[in-house]
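**Q** When you get a sec, could you give me coordinates for this:
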Amino acid sequence: MNTSDTPGRPPPPCIVVMGVSGTGKTTIARLLADEFGIPFADADDFHPPANVAKMASGTPLDDSDRGPWLTAVGRWLHDHYAAGTGAVVACSALKRRYRDILHASAPSVFFLLLTASREQLIERMTGRHGHYMPLSLLDSQLDALEPLQPSEQGAILPADRAPDHIAGAAAALLRKASGAPESG
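**A** Below you'll find the predicted structure:
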């Protein structure tokens with residue numbers, strides 16, 4: 001439900017569901033989009049073909065690869081922030097400087113970092129089909145991950161439960177952070 005026009009209610013949230021590959025970002029982001037009635041995007045869809053080819057070949061992206069991609073994701077997030085519709089995007093956002101770009105696009109953004117053990121991630125990544133991200137890049141993502149800092153608005157949730165449970169816990173955290181009522 002879009003609550004931006006409801007007196008006394010905070011506007012719909014802008015959310016970045018983040019973490020390394022295999023944490024369930026896309027699944028949780030879709031569930032949150034449904035819960036809050038806000039648009040969803042997968043940041044993977046903003047990668048230019050050259051980035052996808054690079055990752056598919058097992059080569060990690062560098063900051064020069066990520067810059068235009070993050071700008072595009074940030075533009076999408078900003079458009080929804082400016083319109084007051086809220087939005088949720090599944091995006092790795094591994095480093096603080098990447099999150100700063102997204103934060104500049106939507107100052108009220110809430111970062112939800114999903115975590116899982118390396119073993120769980122390997123199991124999930126080997127069990128999925130049709131995704132260009134090879135298992136060989138997992139360690140580079142784990143090495144690059146910079147945890148959320150106290151100055152960043154967000155929360156860390158373990159991704160070791162059923163998706164509905166994780167999304168429910170995330171929705172409760174978001175409502176608490178925004179001052180919205182507990183039920184949606």
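**Q** Tell me the spacing between Pro60 and Leu113.
**A** Per CB to CB, to the nearest Å, Pro60 is found 20 Å from Leu113. Where you see a C-beta, it was placed from the backbone N, CA and C, and this is true even at glycine.
**Q** Next: Ala177.
**A** On the measure of CB to CB, Ala177 and Leu113 end up 14 Å apart.
**Q** and for the two, which residues touch both?
**A** When contacts are counted by CB atoms under 8 Å, 6 or more residues apart in numbering, Ala177 and Leu113 have Ala155 as shared neighbours.
**Q** Compare these two and say which is more crowded by neighbours.
**A** Leu113 (25 against 15; other CB atoms under 10 Å).
**Q** Just give me the neighbour total for the closest residue to the more buried one other than its chain neighbours.
**A** Using CB to CB, 6 or more residues apart in numbering and skipping residues adjacent in sequence, the residue nearest Leu113 is Ile156, 4.6 Å away. Using other CB under 10 Å, Ile156 has 14 other residues around it.
**Q** List the strands paired with whatever helix or strand Ile156 lives in, with their directions.
**A** Assigned by DSSP states H and E, Ile156 falls within strand 154-158. Sheet pairing for strand 154-158, assigned by DSSP bridges, gives strand 110-115 (parallel).
**Q** Heading C-terminal from the partner strand, find the next helix or strand.
**A** Proceeding N to C from strand 110-115, the next assigned helix or strand is helix 118-127, under DSSP H and E.
**Q** I figured His78 hits Ala106, correct?
**A** Yes - here His78 reaches Ala106: they are 5.8 Å apart, a contact under CB atoms under 8 Å.
**Q** Asp139 belongs to a helix?
**A** Yes - under DSSP: H, G, I helix; E, B strand; the rest coil, Asp139 falls within a helix.
**Q** Just list the residues touching it, thanks.
**A** Contacts of Asp139 by CB under 8 Å, 6+ apart: none found.
**Q** these two touch, right, Leu163 and Leu31?
**A** One correction, residue 163 is Pro, not Leu. Yes - Pro163 is in contact with Leu31 according to CB under 8 Å; the separation is 6.1 Å.
**Q** More neighbours: which of these two?
**A** A count of neighbours by other CB under 10 Å puts Leu31 above the other of Pro163 and Leu31, at 21 against 13.
**Q** So the more buried one: helix, strand or coil?
**A** helix.
**Q** Relative to Phe40, how far out is it?
**A** Per CB to CB, Leu31 is found 9 Å from Phe40.
**Q** quick one, strands of this structure?
**A** Remark: strands assigned in the chain by DSSP state E are 14-18, 40-42, 87-90, 110-115, 154-158.
**Q** re the thing from before, so for His78 and Ala106, which residue has more residues nearby?
**A** Higher neighbour count among His78 and Ala106: Ala106, with 23 against 18, using other CB under 10 Å.
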